[in-house]
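Colleague: need a 3D model of the sequence below.
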Amino acid sequence: MFIAQYYGKKDYAGISKVFRLVLYIAGIVAALFVLGTIFFSEGIMHFLTNEPELIRMGGEYLKYVGVSYLLSAISQVYLTFEIPANVIAFGSPCKVYREINEHDEEYYFKDRRFDERPESL
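Modeller: Take a look at the predicted model:
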């Protein structure tokens, strides 16, 4: 929402500030997940199963996979900020599906119109 407001005002310094803030927050959250998977991997696995062999193997796996959380967080922030305005985009990685047009203002799904008159309760 802040990005849209800054973009409308053509305040690119504001956009850059929000980008850095989001990147910083995502990095901190991801770093906490990385530390959790490294130091508490077997404890995390106890939530998922009570079989000792699965806990041991899953704990080892989490130690390696946990590092990817930091890289994923950084890449998701960059991908999110590269999506242009006024488009429908989804997926991982996020891709533009199509632009939003006049049809979208009248219809909410294929040929189903928005009902301008609310139904009485």
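
Colleague: show me what contacts the most centrally placed residue in the chain?
Modeller: Taking C-alpha atoms, centre = their mean, the centroid of the chain lies closest to Gln76, which sits 6.3 Å from it. By C-beta atoms under 8 Å, 6 or more residues apart in numbering, the contact set of Gln76 is Ala26. Quick note: C-beta positions are derived from backbone N, CA and C, even for glycine.

Colleague: check which helix or strand it maps to.
Modeller: Following DSSP states H and E, the helix or strand that holds Gln76 is helix 52-81.

Colleague: I'd like the next helix or strand past that helix.
Modeller: Going down the chain from helix 52-81, the next helix or strand is strand 87-90, by DSSP H and E.

Colleague: packing partners of the helix or strand just after that next one?
Modeller: Next along the chain after strand 87-90, taking DSSP H and E as the criterion, comes strand 95-99. Strand 95-99 sits against strand 87-90, with contacts defined as 3 or more C-beta pairs under 8 Å, 6 or more residues apart in numbering; DSSP states H and E.

Colleague: okay then, goodbye and thanks.
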